[in-house]
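K.L.:
Here is my input, please return the structure:
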Amino acid sequence: MAFELFTRVALREDFPKYHLQRGDVATIVEHHPVASGEDGYSLEVFNAIGETIAVLVVSESQIEPLMSNEILHTRVLGEAV
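P.N.:
Sure, this is the predicted structure:
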């Protein structure tokens, strides 16, 4: 499945380095096609007020589309800046 740029997706796994968890929402900002293998994507993750908190590169199998029967919720990422 190829995702379009600026699509919001959910993480399929935790990314402890960035304090991100499975289910966190990110926006696709770049597509990295691979001739033989799995494509990659650059993701931007925002906090609840729209500030960028992380930019990371993942493989296609590490993200999934958002579904109409899901809702978003908030959680504390860490100490306030």
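
K.L.:
C-alpha only now, for contacts and for neighbours.
P.N.:
Fine.

K.L.:
gap between the spatially most central residue of the chain and Ala35?
P.N.:
The residue lying closest to the centre of the chain (C-alpha atoms, centre = their mean) is Ala26, at 3.2 Å. According to C-alpha to C-alpha, to the nearest Å, Ala26 stands 25 Å off from Ala35.

K.L.:
show me where this structure has helices.
P.N.:
Ranges of helices in the chain, per DSSP state H: none exist.

K.L.:
Where does pLDDT dip in it?
P.N.:
Counting by pLDDT under 70, the low-confidence segments of the chain come to 1, 79-81.

K.L.:
how does it look with 80?
P.N.:
For the chain, applying pLDDT under 80 flags the ranges 1, 78-81.

K.L.:
mind listing the strands for it?
P.N.:
Counting by DSSP state E, the chain has these strands, from start to end: 8-11, 25-32, 40-46, 52-59, 63-65.

K.L.:
Assess the claim that His19 and Leu77 are in contact.
P.N.:
Yes - with contacts counted by C-alpha atoms under 8 Å, His19 reaches Leu77, the gap being 6.7 Å.

K.L.:
related to what we said a few turns ago, would you turn the strands of the chain into JSON lines with distance to Ala2?
P.N.:
Below are the strands of the chain laid out as JSON lines (distance: least, C-alpha to C-alpha, whole Å):
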{"stretch": "strand 8-11", "distance to Ala2": "12"}
{"stretch": "strand 25-32", "distance to Ala2": "9"}
{"stretch": "strand 40-46", "distance to Ala2": "10"}
{"stretch": "strand 52-59", "distance to Ala2": "11"}
{"stretch": "strand 63-65", "distance to Ala2": "10"}
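
K.L.:
looking at those strands, which is closest to His73?
P.N.:
strand 25-32 (9.9 Å; C-alpha to C-alpha).
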